[in-house]
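Provided below for reference: sequence and predicted model.
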Amino acid sequence: MESDPFRIRGHVADFDDIVSEIVSRSEATRATLPMATDIAYGADATESVDLFFPERPRTGLPVHMFIHGGYWRMFSKRDYSCVADTITKSGAIAVIVDYALMPSVRMGDIVAQVRRAGRWVADHIAEHGGDPARLTISGHSAGAHLATFLFNEPNIPSGVRAALLLGGLYELKPLQSSFLQPEIAITNHEVADFTPMTHRYDAATKVDILVGSDETPPFHEQARAFAGMLRDQGLPVSTMRLSARNHMNSVRDLGLPESEAGARLAQLIADS
């Protein structure tokens with residue numbers, strides 16, 4: 001029996017099968033949807049986005065950024081192209097973000113990259129038919145953690161209308177005693193600077209916090225605490241427990257518009 005609540009593979013029996021399905025469906029997405037690949041948002045080779053487009057005239061379209069998870073040390077934008085199926089079906093341009101991975105870089109580097117990606121969207125998405133004033137974002141797991149840094153400067157308008165955070169990590173301290181520590185060695189400095197629970201946020205951003213019903217206890221606890229903190233700061237917050245979903249099949253569902261998670265993502269885009 002797996003004792004570490006953060007070691008997802010030990011709690012999801014079909015982990016590898018779900019990952020294989022996500023990757024396979026992403027390959028199909030890249031083969032079928034109109035797209036522009038590997039657009040640089042910064043100087044480093046890891047700093048790129050893939051854009052996917054709906055089948056409609058490309059002018060003034062809503063825009064949605066997705067940030068993948070993997071505990072900051074695995075996966076890539078190519079693995080999660082399938083999320084664009086739901087985004088483009090909702091009439092929006094999908095921006096799937098890539099970033100460097102720990103331990104070759106530190107968490108501050110990744111946060112800075114994601115912020116650069118956000119600035120690229122604000123400055124350049126109109127060139128691809130998107131309206132930067134109609135920006136929404138989402139992220140899964142470590143990607144949800146990273147997404148919070150796109151709307152966490154309370155005195156500066158973020159430009160993010162709404163954020164969907166799925167299975168997120170909002171308190172980093174417990175990870176220092178998890179299986180991750182030998183792999184990425186989260187420092188006390190990183191805990192202090194990059195724990196979302198210690199920041200303030202843009203009150204104009206609507207936040208939807210989702211967690212699978214079959215997630216381990218820390219994911220439920222952190223979701224409740226973060227939702228409460230955001231409400232105390234004046235942000236409009238909604239929450240959902242995804243029925244019979246764990247850490248991996250919940251993110252698979254983001255790319256399935258008919259699923260509970262996919263429908264929630266589509267609604268967030270439509271409402272914004």
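Right, received. Where do you want to start?

I'd guessed Ala270 sits against Ala92; true?
No: look at Ala270 against Ala92 with CB atoms under 8 Å: they stay out of range, at 9.1 Å. (Glycine included, C-beta is placed from N, CA and C.)

The stretch 151-272 of the chain: strands as residue ranges?
160-166, 206-212, 237-242 (DSSP state E, counting those that start in this stretch).

These: which one's closest to Ala192?
strand 160-166 (21.2 Å; CB to CB).

in the closest one, what's buried?
Val160, Arg161, Ala162, Ala163, Leu164, Leu165, Leu166 (16 or more other CB atoms under 10 Å).

How about stretch 238-250?
Quick answer for stretch 238-250 (16+ other CB under 10 Å): Thr239, Met240, Leu242, Arg245, Asn246, His247, Met248, Asn249, Ser250.

How far does it stretch from one end to the other?
17 Å (CA to CA, to the nearest Å).

Please apply the same query to stretch 177-191.
Start-to-end span of stretch 177-191 (CA to CA) is 12 Å.

tell me the mean pLDDT over that stretch?
The average pLDDT within stretch 177-191 is 97.

hmm, who's touching it?
With CB atoms under 8 Å, 6 or more residues apart in numbering as the test, stretch 177-191 has contacts from 4-7, 71-73, 102-103, 106-108, 172-173, 175-176.

CA atoms only: put stretch 139-150 into CSV for me.
Listed in CSV are the C-alpha atoms of stretch 139-150, where the atom choice follows Å, rounded to 0.1, in the frame of the first residue of the first chain:
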residue,chain,number,x,y,z
GLY,A,139,-3.5,24.1,-15.3
HIS,A,140,-3.3,20.6,-13.8
SER,A,141,-1.3,19.6,-10.7
ALA,A,142,2.0,21.5,-10.9
GLY,A,143,0.5,23.3,-13.9
ALA,A,144,-2.3,24.6,-11.6
HIS,A,145,0.4,25.8,-9.2
LEU,A,146,2.1,27.6,-12.1
ALA,A,147,-1.1,29.1,-13.4
THR,A,148,-1.6,31.0,-10.1
PHE,A,149,1.4,33.1,-10.9
LEU,A,150,-0.4,34.6,-13.9
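
neighbours of Ala43, just the number please.
Close neighbours of Ala43, defined as other CB atoms under 10 Å, add up to 7.

Which secondary structure element is home to it?
For Ala43, there is no host helix or strand (DSSP states H and E).

Can you verify my assumption that Val114 contacts Tyr99?
Yes: if you go by CB under 8 Å, Val114 and Tyr99 touch, sitting 6.2 Å apart.

and of the contacts of stretch 177-191, the nearest to Asn155?
Top of the list for closeness to Asn155, among the contacts of stretch 177-191 and by CB to CB, is Gly108 at 20.9 Å.
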